[in-house]
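> sequence below, structure please.
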Amino acid sequence: MSIDNVFDNGKIAVAIRTARTAIGWSQQEFADKLGIAKSTVARIETMEMAARGDFVIRAIQLFRAAGVEVDLSDVRAIPVRITGPAIVAAVEALGDQSKRRSDRRLGIAGLLPDADL
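Numbering: from 1, shown residues only. The predicted structure is shown next:
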């Protein structure tokens with residue numbers, strides 16, 4: 001594999017993980033939305049496998065629908081634009097205590113005005 005391929009695969013892996021976490025989706029939630037296995041998402045994000053073109057296109061469309069725009073056309077960077085609705089959704093996801101390990105239940109939920117503690 002050439003250095004260019006490694007860079008391109010790395011760029012896609014970073015973009016996918018960044019956009020997914022910006023929205024507040026776990027690997028499982030993201031995989032479910034795409035109709036693929038969680039292990040596929042994990043392997044792409046850790047560069048154990050290269051993302052196929054159809055996966056990248058579907059992921060970018062899904063991110064855009066959720067309010068996160070990812071531009072993979074920039075040669076030297078990955079511009080990611082996170083809109084207000086995506087920020088609100090991410091804050092809500094971060095405040096969902098059912099998604100937290102029992103030893104980390106407070107998190108951002110303790111900062112929210114209507115937190116049920």
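
> what helix or strand is the residue most central in space within the chain on?
By C-alpha atoms, centre = their mean, the mean C-alpha position of the chain lies nearest to R20, the distance being 0.8 Å. For R20, the host element (DSSP states H and E) is helix 3-23.

> excluding chain neighbours, what is closest to I78?
A15 (4.8 Å; C-beta to C-beta, 6 or more residues apart in numbering). C-beta here means a position set from N, CA and C on the backbone, and glycine is covered the same way.

> which parts of this structure are strands?
Taking DSSP state E as the test, the strands found in the chain are 68-70, 80-82.

> for those strands, which one sits closest to F55?
Proximity to F55 (C-beta to C-beta) singles out strand 68-70 among the strands of the chain, at 13.2 Å.

> partner strands of that closest one, with direction?
strand 80-82 (antiparallel) (DSSP bridges).

> how about the strand it pairs with: buried residues?
Residues of strand 80-82 classed as buried: I82 (neighbour count, 16 or more other C-beta atoms under 10 Å).

> the closest residue to E48 other than its chain neighbours: how many residues sit nearby?
Leaving aside its chain neighbours, E48 sits nearest to A42 (7.8 Å; criterion: C-beta to C-beta, 6+ apart). Residues lying near A42 (other C-beta atoms under 10 Å) number 15.

> gap between A42 and I36?
11 Å (C-beta to C-beta, to the nearest Å).

> what's the closest non-adjacent residue to E92?
E92 sits nearest to G24 (C-beta to C-beta, 6+ apart), 7.5 Å away.

> wait, the one you found touches I87, no?
No. Here G24 lies out of contact with I87, judged by C-beta atoms under 8 Å, at a distance of 9.6 Å.

> that's all I had, so thanks and see you.
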